[in-house]
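Student: Compute the structure for the input listed below.
(chains A and B)
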Amino acid sequence: MALLERAEWYDIARSTNWTATYVSDADLFPDVMTGAQGVPAEAWEVYDEPYKTSYPEYVAIQREKDAGAYSVKAALQRSRIFEDADPGWRSILKSHYGAIALGEYAAMSAEARMTRFGRAPGMRNMATFGMMDENRHAQLQLFFPHEYCPKDRQFDWGHKAYHTNEWAAIAARHAFDDLFMARSATEIAVMLTFAFETGFTNMQFLGLAADAAEAGDYTFASLISSIQTDESRHAQIGGPALQVLIANGRKAEAQKLVDIAIARAWRIFCILTGPSMDYNTPREHRKQSFKEFMLEWIAGQFERALIDLGLDLPWYWEKMIAEFDYQHHAYQMGLWFWRPTLWWNPAAGVTPECREWLEEKYPGWNATFGKAWDVIIDNLVQGKVERTLPETLPIVCNMSQIPICAIPGYGWNVKDWPLEYEGRVYHFNSEIDRWVFEQEPERYRGHMTLVDRFLAGHILPPDLGGALAYMSLQPGEMGDDAHGYAWVDAYRELRRAAE
Amino acid sequence: MNQPAIAQPLKTWSHLAARRRKPSEYEIVSTNLHYTTDRPDAPFELDPDFGLAAWYKTHRNASPLRHSDWNAFRDPDEMVYRTYNLLQDGQENYVFGLLDQFSERGHDAMLDAGWARHLSRLYTPGRYLFHALQMGSAYLSQMAPASTISNCATYQTADSLRWLTHTAYRTRELSKTFGDLGFGTGERAIWESDPAWQGFRELVEKGLAAYDWGEHFVAMNLVARPAVEEAVLRGLGQTARHNGDTLLALLGDAQLLDADRHRRWTTALVKMALEVEGNREALSGWLAKWAPLGDAAIDAYCRRLPDARDAAGAARDAAAAFRRGLGL
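Tutor: Below you'll find the predicted structure:
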């Protein structure tokens, strides 16, 4: 006899629930942190995580994985991939690291909440590995961009972004706090690991790894694939938690959490991934449009995962899918137009060839978004860059913290969805965002958007300069066109030829 | 000439750039990562006062344990994720090498049945205790006011799962040789009602329900952990040596290496806290409340250890010596 198989002792390692008597159950598992929806501890003991691992396996495998990711980085240290990459790719890296690294670290706290307040021992053990995973993801995604700090000040935002009032950072914090950082253990299992990680990050990281390889950035490709293998493991914490909730008559409650989480995750992906895929990625490297990607992974794969668990599709499913056609184009225009307020340089992505591609993938693009871009392009051709820069403030959604926007021009469908609550009027980008607010107004009511703060006099002087200072952006950090407007030359040629 | 300065690229993160010293990998990936401490009135980018926000404002921001710059805390081991796995993979190879070798040698068959009965009472129920430590460290990780503290707590959480894992493994292995002693089935009842464990159960249940982050740290890292380490890892380990159970003694020694690391960062954190006026009173007040529970747990447990002369006194002294070494 030598070593025992893991299966022989695994169940003992997850038989760790006991009945407390020196403090009450409610003291040990307070509802605000546990959120078990009234399902008692015994009912959670059937929880069975589909992906099983143990401490010795974990440290061995993760050691190997880190050796891989760090050695690829070391091997490519002296390559010129970074310098030679398209500036649009560098912008994707900057927006990614700034929006993600400290968010991953926050996810460690969320995993820790499941480790402490989860009612199922299997969940608590898996979340312990989840804590470690998120610790890894934060550290990797700080270590890698740190190397670029001496080359480009905007990479400082890999660490700095979350500590600022830059509007995209506010939007990321608002979404991630609501999805996991400020949620109970049970809510985290459903919203972070099931809805967000199974639904969105898993596929996002797969897509991003493929894009990185296509762009020739093998360091980033190997980093992201390595992270994805952890995600696909700990993302499985959520499924069995949902099963327990459903089996104990809490389907409606579980469904609501899933619906809120998908709504919130969709907005974040729409503004981060949509413009990355359809505009910042150079035309020749685009494999799929953002819409095709979303239809395949979200409307296809994730829809099946929801049904398989016995859940329904969110009530707004068709409305959300309809947004795949336009919302990220509107966000892209906002990102580029308000470019001094970003920590990365957005690529316009609207060369004549790009527009052909956009029209093919999104019929009608030229008659709507294209018309608005035409005005910008006219100004740039005439050398009036100042007319393409913002002077006013947008109306910001009280849920997503992103400007309210939709289709301009012939397809105009921009609409505010207001709500009066306790004497204050809130503004929303869509019926979906407003619905999220209505589910638990006390989570959101006292929050002020960047524009609310501006109007309340918190931002001084009350102009763009004051707003930039409030967002901790100074020249050298503020975004500008990724390609230094070189793409406008093609339009100059076209106009000269037309004359 | 009042143009705003143009920010130039820096050699490191701007928050580390003011210092002359080149930052270590540890500092690059570990420092200032909690954004929820930036605005004391609103931990989250949500309503400032809803349930979870109130929890953080009460139990973290309003803790009697105060420091104007918790982010200055540094783990003396400068542990990062990458080095943690390197270290612990090596440690686990050692431990599973022991398990393999002792199994080959037919270790359990050579154990005395009387000793095995002690193991079923005093050793294998310990997985509940280790799991409670795991849960407690996870609480500290999410509530600590600096990422450098949270990271130590995260690795400590994983180490506790490690101890639990070793115990679960041995529980199953012992059940194969001693099928009638309740290994793998009887532990919960023993944990919940055997007098040997009730002191520890009271200590950790109350410690887990101490939600002020500073008090939780005192209850668990200054009292419960040293008590567990001295009574269960060291005390039981010594008894094991007297009963031909070298394996258990060596396992305890291996786990104590983790405990030594936990004590190093715990010591550094207490030292940092004592720089600030008022913290000595806060820490001492909590110690006065928790240390007696720790001593009572040690007494209840060690009294049941066979062949141990004043194990309780030795464990109590060692735990107190650790605390005295902190300047408390």
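Student: Quick one: mean pLDDT for the helix or strand where residue B:133 lies?
Tutor: Using DSSP states H and E, residue B:133 maps to helix B:126-143. For helix B:126-143, mean pLDDT is 98.
Student: Which secondary structure elements does it sit against?
Tutor: On a contact count with 3 or more CB pairs under 8 Å, 6 or more residues apart in numbering or on different chains; DSSP states H and E, helix B:126-143 meets helix A:87-117, helix A:121-146, helix B:147-177, helix B:187-193, helix B:195-208, helix B:213-217, helix B:225-228. For glycine as for every other residue, the C-beta is placed from the backbone atoms N, C-alpha and C.
Student: let's see 6 Å
Tutor: Contact here means 3 or more CB pairs under 6 Å, 6 or more residues apart in numbering or on different chains; DSSP states H and E; on that basis helix B:126-143 packs against helix A:87-117, helix B:147-177, helix B:195-208.
Student: between that helix and helix B:147-177, what angle do the directions make?
Tutor: Calculated by axes from the mean of the first three to the mean of the last three CA atoms, to 10 degrees, helix B:126-143 forms an angle of 160 degrees with helix B:147-177.
Student: which residues sit against helix B:126-143?
Tutor: A:16, A:18, A:109, A:112-113, A:115-116, B:60, B:150, B:153-154, B:156-157, B:160-161, B:163-164, B:167-168, B:191, B:200, B:204, B:208, B:213, B:220, B:232 (CB atoms under 6 Å, 6 or more residues apart in numbering or on different chains).
Student: which parts of the stretch 201-328 of chain B sit against chain A?
Tutor: For the stretch 201-328 of chain B, the residues in contact with chain A (CB under 6 Å from any CB of the partner chain) are B:202, B:205-206, B:209.
Student: count of neighbours near the residue nearest to residue A:19 when sequence neighbours are not counted?
Tutor: Counting by CB to CB, 6 or more residues apart in numbering or on different chains, residue B:192 is the residue found nearest to residue A:19 once chain neighbours are left out, at 6.2 Å. Neighbour count of residue B:192, defined by other CB atoms under 10 Å in any protein chain shown: 16.
Student: Can you give me the buried ones in stretch B:102-117?
Tutor: Neighbour-count burial for stretch B:102-117, counted by 16 or more other CB atoms under 10 Å in any protein chain shown, picks out B:102-103, B:107-108, B:111, B:115-116.
Student: And chain A, is it touching that?
Tutor: Yes - using CB under 6 Å from any CB, stretch B:102-117 reaches chain A at residue B:103.
Student: Residues contacting that stretch, please?
Tutor: Stretch B:102-117 is contacted from outside by A:1-2, B:177-178, B:181, B:243, B:247, using CB under 6 Å, 6+ apart.
Student: In terms of secondary structure, what does the helix or strand hosting residue A:60 contact?
Tutor: Assigned by DSSP H and E, residue A:60 belongs to helix A:55-75. For helix A:55-75, the contact count by 3+ CB pairs under 6 Å, 6+ apart identifies helix A:218-234, helix B:81-104, helix B:147-177 as packing neighbours.
Student: let's see it at 8 Å
Tutor: On a contact count with 3+ CB pairs under 8 Å, 6+ apart, helix A:55-75 meets helix A:121-146, helix A:218-234, helix B:81-104, helix B:147-177.
Student: Please name the residues that touch the spatially closest residue to residue A:364 that is not a sequence neighbour.
Tutor: Spatial nearest neighbour of residue A:364, excluding adjacent residues (CB to CB, 6+ apart): residue A:411 at 6.5 Å. Neighbour list for residue A:411: A:326, A:364, A:367-368 [criterion: CB atoms under 8 Å, 6 or more residues apart in numbering or on different chains].
Student: for residue B:151, same thing?
Tutor: A:135, B:30, B:75, B:79-80, B:141.
Student: And for residue B:279?
Tutor: Residue B:279 neighbours (CB under 8 Å, 6+ apart): B:64-67, B:273.
Student: just for chain B, where's the confidence low?
Tutor: B:1-4 (pLDDT under 70).
Student: can we see that at 50?
Tutor: B:1 (pLDDT under 50).
Student: for the helix or strand hosting residue A:258, what is the average pLDDT?
Tutor: Per DSSP H and E: residue A:258 is located in helix A:251-275. The average pLDDT within helix A:251-275 is 96.
Student: right, is that helix up against chain B?
Tutor: No - using CB under 8 Å from any CB of the partner chain, helix A:251-275 never reaches chain B; the gap is at least 11.6 Å.
Student: and the next helix or strand along the chain from that helix, how far from the chain's centre?
Tutor: As assigned by DSSP H and E, the chain's next helix or strand after helix A:251-275 is helix A:290-294. Helix A:290-294 has its C-alpha centroid displaced from the chain centroid by 15 Å (CA atoms, centre = their mean, to the nearest Å).
Student: and the next helix or strand after helix A:290-294, what's its mean pLDDT?
Tutor: Sequence order places helix A:303-308 as the next helix or strand after helix A:290-294, per DSSP H and E. The pLDDT scores in helix A:303-308 average 91.
Student: swap in stretch A:229-238?
Tutor: On average, stretch A:229-238 scores 90.
Student: quick one: the residue nearest to residue A:364 from residue A:363, how far?
Tutor: 11 Å (CB to CB, to the nearest Å).
Student: And residue B:224, by the same measure?
Tutor: 66 Å.
Student: and the stretch 351-499 of chain A, which residues reach chain B?
Tutor: Counting by CB under 8 Å from any CB, the stretch 351-499 of chain A sits next to chain B at A:401, A:442-447, A:474-477.
Student: Cool, thanks, talk later.
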